[in-house]
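S.K.: Kindly return the folded structure for what I paste below:
(2 chains)
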Amino acid sequence: MSGRRIMTAEEIRRAVIRISHEIVEKHAGTDGLVLVGIQRRGVPIARRLAEAIREHEAAALPVGALDITFYRDDLSMLAQQPVVKGTDLPFDVTGTTVVLVDDVLYTGRTIRAAMDALMEYGRPRAIRLAVLVDRGHCELPIRADHVGKNVPTSREELVRVRIEEIDGEDAVDIDRAVAAEPVAARTT
Amino acid sequence: MITDPALAAPDELLGAGPAADPVAAAGGGDNPAPAGLWRHRHLLDVDVLTADELELVMHTTATMSEILARPIPRVPALRGWGVTNLFYEASTRTRVSFEVAAKNLSADVVNVTASASSVTKGESLIDTIRTLEALGARMLVIRHATSGAPWLAAETFGGSVINAGDGLHAHPTQALLDLYTMRTHLPGGSVAGRKVVILGDVLHSRVARSNLWSLTASGADVWVCGPVTLLRGFEAWAAAGVAGTRQFTATSDLAAALRDADVVMALRIQRERMASGLLPSLREYAARFGLTRARLATARPDALVMHPGPMNEGVEIAPDVAAGTQSVITDQVANGVAVRMAILYLLAGARGAGE
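M.R.: Model prediction:
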């Protein structure tokens, strides 16, 4: 479990603030902009982004939570069904620009599933992607629009994001995976 | 372990029954994130489910309810899964509910009705199951008039078996949807400490038998009530005391049963199973045990009225009670789809699990 810290709490805080500015800049404002966090750690990150945007733009963006469990392409390969966390989108996504928020971009399959899930709720005008860590190895034609930190990794490594609302502290560590199932452990 | 003296337990009969789980009264509370993981390949009855597993089913059902509230209630979770409904007994709501649930999860559904199949040519249950498996069934939903038939099916079938009602014995998805319906309507979202009255033809009711397991495991104070002829075995069972902290009373005293009840579940008088002599007449039953507005008034003012359906209105339940403000009967039907989606989803992940 001895890991190498690649982002401290302070670096995470700064990355969130920078991404919040980038989102507003790219969209040229906040009209029609909504944030959707992917369960689980994407949700608190999306809330922080909304909070940062509220502070510097004085605009309250709607924030939703998206559970992608039923849209995964590896359901039949997992030994155990994942516990469903639930989706909560308290707004109509049709016509909005949705910024999907997740902690790590890895294979891209979570994002593919998230786009499918999101489309069930309506027809967004555009979908963008913000992640705290982009670790490479994307297996699908997907890229992030906003990245906290690019971290070149090998597939044997495990990127462990810890978020205070869930894990009690903010940190990103990189571990040499001992167990030979990085895909199952890290679902991104 | 509670044993039902009114009926030779099919799991013992067939040697397929797992040991009952330690009795754990549910703490209740506001639906915390479930810690328990699903480890069952089949759903034959609810007696094997721990309080944690019941909690996981309830949690998963709530997420399925969210899907059902969408404009297009469909997710691809079970894409490519063959689900076969094999019904040897008449059914509307259970069969349709399983079919809708499977379709909502994008499974491929096949419906087999025994009266329109080779069963009428004398094909055995085991041969029918082998045939359906060869035709691509990975999950088998079975209803059969013989208690224990799904256990036999589970020994033969290579996938998952879901009991959709066997004889007088068990109806696990009904018990789970009843539990879910109670939890969504009771203040606090829990049945722990609540008085639940199951009223009517308890003797012939697989709904009552399955509900006894799940409700007592969840900490409810369960009362079964009806004419003595329809409680045969249950009174001795209740009097003998039940394991651990489970609370269970059997009585023919309707007034005592209804007093301060939080939930009143009326059961259908099963005329097709009624051996002559158990009841003098339906009219007398309605007069003495029918759930009328006046009798309901002796329960708690906000007591829930439930019925597993189909109803004999004017016999076990008065029409104005069935359609009244306290009735959650249509919710039960709607929740049945969500519960069955949850069970299909959870069982799909249990490949390789022992039971």
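
S.K.: What residues does the residue in chain A that chain B sits nearest to make contact with?
M.R.: In chain A, the residue that lies nearest chain B is A:Q81 (2.9 Å; CB to the nearest CB). Glycine gets a C-beta too; all of them are placed from N, C-alpha and C. With CB atoms under 8 Å, 6 or more residues apart in numbering or on different chains as the criterion, the residues that contact A:Q81 are A:L75, B:W38, B:Y345, B:L346, B:A348, B:G349, B:A350.

S.K.: for the chain, what spans make up the helices?
M.R.: In the absence of a named chain, this looks at chain A. Taking DSSP state H as the test, the helices found in chain A are A:9-27, A:42-57, A:109-119, A:164-167, A:182-185.

S.K.: That was the other one, I meant chain B.
M.R.: Using DSSP H, helices in chain B cover B:10-14, B:51-68, B:93-104, B:125-134, B:149-156, B:172-185, B:206-217, B:234-239, B:254-258, B:282-289, B:293-296, B:319-322, B:329-348.

S.K.: Could you confirm whether the third one reaches chain A?
M.R.: Spelled out, that is helix B:93-104. No. Helix B:93-104 is not in contact with chain A by CB under 8 Å from any CB of the partner chain; minimum separation 10.0 Å.

S.K.: That helix versus helix B:51-68: what angle between them?
M.R.: 70 degrees (axes from the mean of the first three to the mean of the last three CA atoms, to 10 degrees).

S.K.: so where's the chain uncertain?
M.R.: Just going to use chain A. A:1-2, A:79, A:177-188 (pLDDT under 70).

S.K.: wrong one, chain B
M.R.: Scanning chain B for pLDDT under 70 picks out the ranges B:1-36, B:242-244, B:350-355.

S.K.: which residue does it bring closest to chain A?
M.R.: Of all residues in chain B, B:G349 sits closest to chain A, at 2.9 Å by CB to the nearest CB.

S.K.: Thought A:S76 was touching that residue, still the case?
M.R.: No. The pair B:G349 / A:S76 is not scored as a contact, 9.0 Å apart, by CB atoms under 8 Å.

S.K.: Looking at these two, which is more packed in?
M.R.: It is B:G349, of B:G349 and A:S76, that has more neighbours when counted by other CB atoms under 10 Å in any protein chain shown, with 20 against 14.

S.K.: In contact with that one, which residues?
M.R.: Neighbours of B:G349 in contact, by CB under 8 Å, 6+ apart: A:L75, A:L78, A:A79, A:Q80, A:Q81, A:P82, B:W38.

S.K.: let's see it at 6 Å
M.R.: A:Q80, A:Q81 (CB atoms under 6 Å, 6 or more residues apart in numbering or on different chains).

S.K.: ok, it to B:T61 distance?
M.R.: In this view, B:G349 and B:T61 are 15 Å apart by CB to CB, to the nearest Å.

S.K.: Get me the contact residues on chain A for chain B.
M.R.: Within chain A, the positions lying close to chain B (CB under 6 Å from any CB of the partner chain) are A:F70, A:Q80, A:Q81, A:V84, A:G86.

S.K.: Need the residue closest to the centroid of chain A.
M.R.: A:D102 (0.4 Å; CA atoms, centre = their mean).

S.K.: Contact partners for A:K149?
M.R.: A:M7, A:V133 are the contacts of A:K149 under CB under 6 Å, 6+ apart.

S.K.: which residues does it form a beta bridge with?
M.R.: Beta-bridge partners of A:K149, counted by DSSP bridges, are A:V133.

S.K.: returning to what we had before: could you dump the helices of chain B into CSV and include mean neighbour count?
M.R.: Below are those laid out as CSV (neighbours: other CB atoms under 10 Å in any protein chain shown):
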stretch, mean neighbour count
helix B:10-14, 17
helix B:51-68, 21
helix B:93-104, 21
helix B:125-134, 16
helix B:149-156, 22
helix B:172-185, 25
helix B:206-217, 26
helix B:234-239, 17
helix B:254-258, 18
helix B:282-289, 16
helix B:293-296, 15
helix B:319-322, 16
helix B:329-348, 23
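
S.K.: Including distance to B:S115, could those helices go into TSV?
M.R.: Output for the helices of chain B, formatted as TSV (distance: least, CB to CB, whole Å):
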stretch	distance to B:S115
helix B:10-14	24
helix B:51-68	31
helix B:93-104	13
helix B:125-134	13
helix B:149-156	16
helix B:172-185	22
helix B:206-217	21
helix B:234-239	33
helix B:254-258	38
helix B:282-289	27
helix B:293-296	38
helix B:319-322	29
helix B:329-348	23
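
S.K.: if we can go back for a sec, in TSV: the contacts of A:Q81, plus distance to B:L135.
M.R.: Converted to TSV, those look like this (distance: CB to CB, whole Å):
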residue	distance to B:L135
A:L75	23
B:W38	27
B:Y345	23
B:L346	24
B:A348	19
B:G349	23
B:A350	22
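
S.K.: List just the nearest of those residues to B:L254.
M.R.: B:L346 (38.1 Å; CB to CB).

S.K.: Grab the nearest non-local neighbour of that closest one.
M.R.: What sits nearest to B:L346 in space, not counting adjacent residues and going by CB to CB, 6 or more residues apart in numbering or on different chains, is B:W38, at 4.5 Å.

S.K.: in terms of contact, does that neighbour touch B:L347 like I think?
M.R.: No. Between B:W38 and B:L347 there is no contact under CB atoms under 6 Å: 7.8 Å.

S.K.: residues of stretch B:73-87 that come out buried?
M.R.: Neighbour-count burial for stretch B:73-87 flags B:P73, B:V75, B:P76, B:A77, B:L78, B:W81, B:G82, B:V83, B:T84, B:N85, B:L86, B:F87 (criterion: 16 or more other CB atoms under 10 Å in any protein chain shown).

S.K.: residues touching the first one, list them.
M.R.: For B:P73, the contacting residues are B:I67, B:N104, taking CB under 6 Å, 6+ apart as the criterion.

S.K.: next one: the second one
M.R.: With contact taken as CB under 6 Å, 6+ apart, B:V75 is in contact with A:F70, B:I67.

S.K.: Run a quick neighbour tally on the closest residue to B:R138 other than its chain neighbours.
M.R.: In space, and not counting its chain neighbours, B:R138 is closest to B:G159: 4.2 Å by CB to CB, 6+ apart. Close neighbours of B:G159, defined as other CB under 10 Å, add up to 21.

S.K.: Could you do A:D73 as well?
M.R.: Using other CB under 10 Å, A:D73 is surrounded by 14 other residues.

S.K.: again with the one 4 residues further on
M.R.: A:M77 is surrounded by 9 other residues when neighbours are defined as other CB under 10 Å.

S.K.: now B:L132: how far from A:A114?
M.R.: In terms of CB to CB, B:L132 sits 36 Å off from A:A114.

S.K.: wait, the residue nearest to the centre of chain A sits on A:V43?
M.R.: No. If you go by CB under 6 Å, A:D102 and A:V43 don't touch, sitting 9.6 Å apart.

S.K.: List the buried residues of stretch B:38-47.
M.R.: Buried, per 16+ other CB under 10 Å, within stretch B:38-47: B:W38, B:H40, B:R41, B:H42, B:L43, B:L44, B:D45, B:V46, B:D47.
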